[in-house]
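Q: I'll drop the sequence and a predicted model, then ask my questions.
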2 protein chains.
Amino acid sequence: MELFRDLPHEALVHAHACARIERLPKHARIFEQGARAERAYAVAKGSVRIIQTGSDGGQAIIRFIGSGEMFGTVPLFTDHLLPADAITAEASVVLSWSEADIVVLIGIYPQVSLNVIRVIGTRLIELQDRVRELATQRADQRLARALLRLIRNDGGDEVAFPLRRKDLAEFSGTTLHTASRMLSAWARAGLLTSIGRRILIHDRTALDSLAEGRPLL
Amino acid sequence: MELFRDLPHEALVHAHACARIERLPKHARIFEQGARAERAYAVAKGSVRIIQTGSDGGQAIIRFIGSGEMFGTVPLFTDHLLPADAITAEASVVLSWSEADIVVLIGIYPQVSLNVIRVIGTRLIELQDRVRELATQRADQRLARALLRLIRNDGGDEVAFPLRRKDLAEFSGTTLHTASRMLSAWARAGLLTSIGRRILIHDRTALDSLAEGRPLL
């Protein structure tokens, strides 16, 4: 749990004691864009899509949240307005804490607020990269970078989240048609295998070249 | 100073005593992308452009920093790697604190870390909006939204930073040619006046309509 990293054992016992634990099916909505933020969330098992819809109807996947990661927590510290929907991408276990409990935890263990800074700081820097990529790169570069970004951290070669092609298109800022066409071409070239909602990457070096804008050899 | 908001007077005296104060000309580089982060910065007077360059050469303005705002601080809490260049957009006064001083200030005044969370949380949510806009909107919508985002907070109608057309193009993720063409059309339609590097907005409602994707009446 990134929110409680580097905390003493008694802090983890305290955090566990006041956590709400929910077992949710696939496609369950955890919170809704525009609602008031009242809790801090973390995924214990499974994964969650964070999806933002603009007033013009445009929709983008802002982030995929995996096991151990927090979400929906930032607005507790800003304007209390949830900026996106959170929807389970598979059957998941979600933990959450009330704002009052978070305030108490931060008061006793200042490390919690340093953890929040590290987590949202890391995401801020990743979003800055995505803004630059969206502003300056072609769709194929962005799709290749999105796949590399979504590979599991455990050293495996599998994309860490169950993804529809629509998800990948929304995440990399391209159309479903373009994303499908590129994925099929890359599968034919042996770079990856796409089975149902799982994607296996076979050639990271080639994807990295594509992301850098170099042609496939 | 957003970094020291809601702090008691003695904290401000302490922060002032350990601040480094630099008076810099226009176009001075404050730090360089890729260098090690060692200080927390804030603009006391003037403004600063935060510019990121990709390994493929693509360049984007990530943010304009105005008076009272902090910058370059997030990597102190993450990987200590500066993700962008910071360059003055006009003659400016820049304050900075060593990492050791920030650690001491946070230890004495936990409110400082809550301020950091609020500031970077607000920017995270704004970047999420920009990611969605870049992924789903046309260039004219994004340029209109960029102008609205850059208007001064003091209720005036002037864009708060001295902007070249190239800056606006990089900030909204379009080409210099497209940005220039749109600004000229909007100036002819009476929505704004662009004099040198200053832009005055005359019709926020019309710009808001454009940003929402509605045609100009």
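A: Cool, the structure landed.
Q: Break down chain A into its helices, ranges please.
A: A:9-17, A:99-108, A:111-136, A:139-150, A:165-172, A:176-188, A:204-211 (DSSP state H).
Q: do you know which of these lies nearest residue B:79?
A: Closest to residue B:79 of those is helix A:111-136 (Cβ to Cβ; 7.9 Å). In short, each C-beta sits where N, CA and C put it, glycine included.
Q: Who's the closest spatial neighbour of residue A:23, skipping the chain neighbours?
A: residue A:93 (5.5 Å; Cβ to Cβ, 6 or more residues apart in numbering or on different chains).
Q: Let me fix that, I meant to ask about residue A:134.
A: residue B:134 (3.6 Å).
Q: Against residue A:137, how distant is the one you found?
A: Going from residue B:134 to residue A:137 by Cβ to Cβ, to the nearest Å gives 11 Å.
Q: Was I right to think the residue nearest to residue A:23 contacts residue A:48?
A: No. Contact criterion Cβ atoms under 8 Å: residue A:93 and residue A:48 do not qualify, at 10.8 Å.
Q: Those two - which one has more neighbours?
A: residue A:48 (27 against 15; other Cβ atoms under 10 Å in any protein chain shown).
Q: The more buried one pairs with what?
A: residue A:65, residue A:88 (DSSP bridges).
Q: what sits against it?
A: For residue A:48, the contacting residues are A:30, A:64-65, A:71, A:86-89, A:92, A:94, by Cβ atoms under 8 Å, 6 or more residues apart in numbering or on different chains.
Q: export those residues to CSV and tack on pLDDT and neighbour count?
A: Output for the contacts of residue A:48, formatted as CSV (pLDDT from 0 to 100; neighbours: other Cβ atoms under 10 Å in any protein chain shown):
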residue, pLDDT, neighbour count
A:30, 97, 22
A:64, 91, 23
A:65, 93, 25
A:71, 95, 23
A:86, 97, 23
A:87, 96, 18
A:88, 96, 22
A:89, 92, 22
A:92, 96, 22
A:94, 97, 24
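Q: Out of the residues you listed, which comes closest to chain B?
A: Among the contacts of residue A:48, residue A:71 lies closest to chain B (Cβ to the nearest Cβ), at 11.7 Å.
Q: What residue, apart from its backbone neighbours, is nearest that closest one spatially?
A: residue A:65 is the one closest to residue A:71 (Cβ to Cβ, 6+ apart), at 4.6 Å.
Q: just checking, the one you found touches residue A:47?
A: Yes. In terms of Cβ under 8 Å, residue A:65 counts as a neighbour of residue A:47; the distance is 6.3 Å.
Q: which residues does the most centrally placed residue in chain A contact?
A: Against the mean C-alpha coordinate of chain A, by Cα atoms, centre = their mean, the closest residue is residue A:64 at 2.2 Å. Residues counted as contacts of residue A:64 (Cβ under 8 Å, 6+ apart) are A:47-50, A:89, A:150, A:160-161, A:171.
Q: Many thanks, we can stop here.
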